[in-house]
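Student: Quick one, structure for this:
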Amino acid sequence: MKASDVMAQHIVSVKPDSSVIVAAQLMLENRISGLPVIDSNRRLVGIVTEGGLLRRGEIATERRRPHWLEFFISPGRLASEYVRSHARKVNEIMTVEPQTITEETPLEQIVLLMEKKRVKRLPVI
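Tutor: Presented below is the predicted three-dimensional model:
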């Protein structure tokens, strides 16, 4: 078996400049947990998943740590977490350059790749 035997046929995608709210609504309406991010040239530029929507400022699910612990965490990591939890656009929370496969990729290779890269989704190009 290969990717074309098991891949989704109906693709729902989002643009990089779409709002995070639009992405969340698309996922809910279509009962899916991830969206490919496609630019105006119809190129895959990223992927946004429900995991990217979990820690959000507007729904009070952003990560909270004791203030003393923040002294031990790099400022860059704290800034990155803040940006992701308060982002307004998909391109601010998406995973860039996602691992991809082709329709001809054998299932055995797909499974190995998913395990190796620790991913749950592999866009088919």
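Student: now the helices for the chain?
Tutor: 3-6, 20-30, 50-54, 75-86, 107-117 (DSSP state H).
Student: Lowest average confidence across the ones you listed, which one?
Tutor: Among these, helix 75-86 has the lowest mean pLDDT, at a mean of 58.
Student: and the residue positioned nearest the centre of the chain, what does it touch?
Tutor: Computing the C-alpha centroid of the chain and ranking residues by Cα atoms, centre = their mean puts Val48 first, at 2.5 Å. With contact set as Cβ atoms under 8 Å, 6 or more residues apart in numbering, Val48 has these partners: 14, 23, 34-35, 37, 90, 93-95. Using the backbone N, CA and C atoms, a C-beta is placed for each residue, glycine as well.
Student: could I get the residues you listed as JSON lines with neighbour count and distance to Leu44?
Tutor: Formatted as JSON lines, the contacts of Val48 follow (neighbours: other Cβ atoms under 10 Å; distance: Cβ to Cβ, whole Å):
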{"residue": "Val14", "neighbour count": "24", "distance to Leu44": "11"}
{"residue": "Ala23", "neighbour count": "25", "distance to Leu44": "15"}
{"residue": "Gly34", "neighbour count": "19", "distance to Leu44": "12"}
{"residue": "Leu35", "neighbour count": "27", "distance to Leu44": "11"}
{"residue": "Val37", "neighbour count": "25", "distance to Leu44": "7"}
{"residue": "Val90", "neighbour count": "23", "distance to Leu44": "13"}
{"residue": "Ile93", "neighbour count": "23", "distance to Leu44": "16"}
{"residue": "Met94", "neighbour count": "23", "distance to Leu44": "11"}
{"residue": "Thr95", "neighbour count": "16", "distance to Leu44": "11"}
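Student: Now render those residues as TSV, adding distance to Asp5.
Tutor: Below are these laid out as TSV (distance: Cβ to Cβ, whole Å):
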residue	distance to Asp5
Val14	26
Ala23	28
Gly34	20
Leu35	22
Val37	25
Val90	30
Ile93	31
Met94	28
Thr95	25
